[in-house]
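**Student:** this one's structure only:
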Ligand SMILES: *[C@@H]1O[C@H](CO)[C@@H](O)[C@H](O)[C@H]1NC(C)=O
């Protein structure tokens, strides 16, 4: 796969990783940063407008650096930035950012990659499911966490079984642009095998179909990861 495609799809994948992170926020502790400025953000009323601007800029910088994969391996979104992340993920800016990434991928296809006439059936595309094809934002809305706490897998799986995840904006369009070029689509998810029928139903209801394979997490793989 061409590097620029890698980079384009990377953005839409990275946008997602804000919510499903698995990291240590140690190096990104705003409390330390604010302490060095001589104030305590934990005392209500002490945060001046200057500091809250500072916090907003800090959180925006944190979010941006997660998306470009400079910051990796965080367990949770830093507590001070949860509402910032929530605002972003539920904003039209998020949708615009995904749309920009999708447009760039499609433009790239038009210029050099496998155009419909050139495809040999040997090309493949891999999509993750959660927050790439299906949005978990409604789950986060109903639980109010937005990455501020580790995902509770029991609760999350209960939500998955409801098959109510909407598509990530603009991703149905990208998915079918790719599928219609004869590129084989593989879906890979950390969702477990016993969630297969819920996942398939949800994907189809959201507008995705015609993939070559949906690879879910087997028990042994999970054991290896935990
Ligand atoms: C996860 O959610 C379930 C169901 O609401 C609850 O019983 C359980 O205690 C939660 N687990 C953790 C680690 O919070």
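**Tutor:** Perfect, thanks for sending it. The structure presented is a predicted model; accordingly, all values stated were derived computationally and were not measured. Residues are numbered from 1 along each chain as shown.
**Student:** quick check: chain neighbours aside, which residue is closest to the closest residue to the ligand within the chain?
**Tutor:** Closest approach of the chain to the ligand (CB to the nearest ligand atom) occurs at residue 152, with a separation of 3.6 Å. For glycine as for every other residue, the C-beta is placed from the backbone atoms N, C-alpha and C. Among residues not flanking residue 152 along the chain, residue 143 sits closest, at 8.0 Å (CB to CB, 6 or more residues apart in numbering).
**Student:** do the same with residue 169
**Tutor:** That would be residue 95: by CB to CB, 6+ apart, it lies 4.5 Å from residue 169.
**Student:** can you tell me the element the one you found falls in?
**Tutor:** According to DSSP states H and E, residue 95 maps onto helix 92-111.
**Student:** for the following helix or strand past that helix, packing partners?
**Tutor:** Next in sequence after helix 92-111, counting helices and strands by DSSP H and E, comes strand 124-128. Applying 3 or more CB pairs under 8 Å, 6 or more residues apart in numbering; DSSP states H and E, one finds that strand 124-128 contacts strand 184-192.
**Student:** repeat that for 10 Å
**Tutor:** helix 3-16, helix 171-180, strand 184-192, strand 213-217 (3 or more CB pairs under 10 Å, 6 or more residues apart in numbering; DSSP states H and E).
**Student:** list the pairing partners of it within its sheet, with orientation.
**Tutor:** strand 184-192 (parallel) (DSSP bridges).
**Student:** next SSE downstream of the partner strand?
**Tutor:** Once the chain leaves strand 184-192, the next helix or strand it forms, by DSSP H and E, is helix 196-206.
**Student:** so who does the residue nearest to residue 205 when sequence neighbours are not counted touch?
**Tutor:** Residue nearest to residue 205 in three dimensions, not counting chain neighbours: residue 163, with 6.5 Å by CB to CB, 6+ apart. Each residue near residue 163 by CB atoms under 10 Å, 6 or more residues apart in numbering is listed here: 134, 195, 197, 198, 199, 200, 201, 202, 203, 204, 205, 206.
**Student:** show the low-confidence segments of the chain, by residue range.
**Tutor:** 1-51, 111-119, 219-226 (pLDDT under 70).
**Student:** so which residues on it come close to the ligand?
**Tutor:** Contact residues (CB under 6 Å from any ligand atom) of the chain with the ligand: 152, 154, 155.
**Student:** make TSV out of these and add secondary structure and neighbour count.
**Tutor:** Below are those laid out as TSV (DSSP: H, G, I helix; E, B strand; the rest coil; neighbours: other CB atoms under 10 Å):
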residue	secondary structure	neighbour count
152	coil	12
154	helix	8
155	helix	13
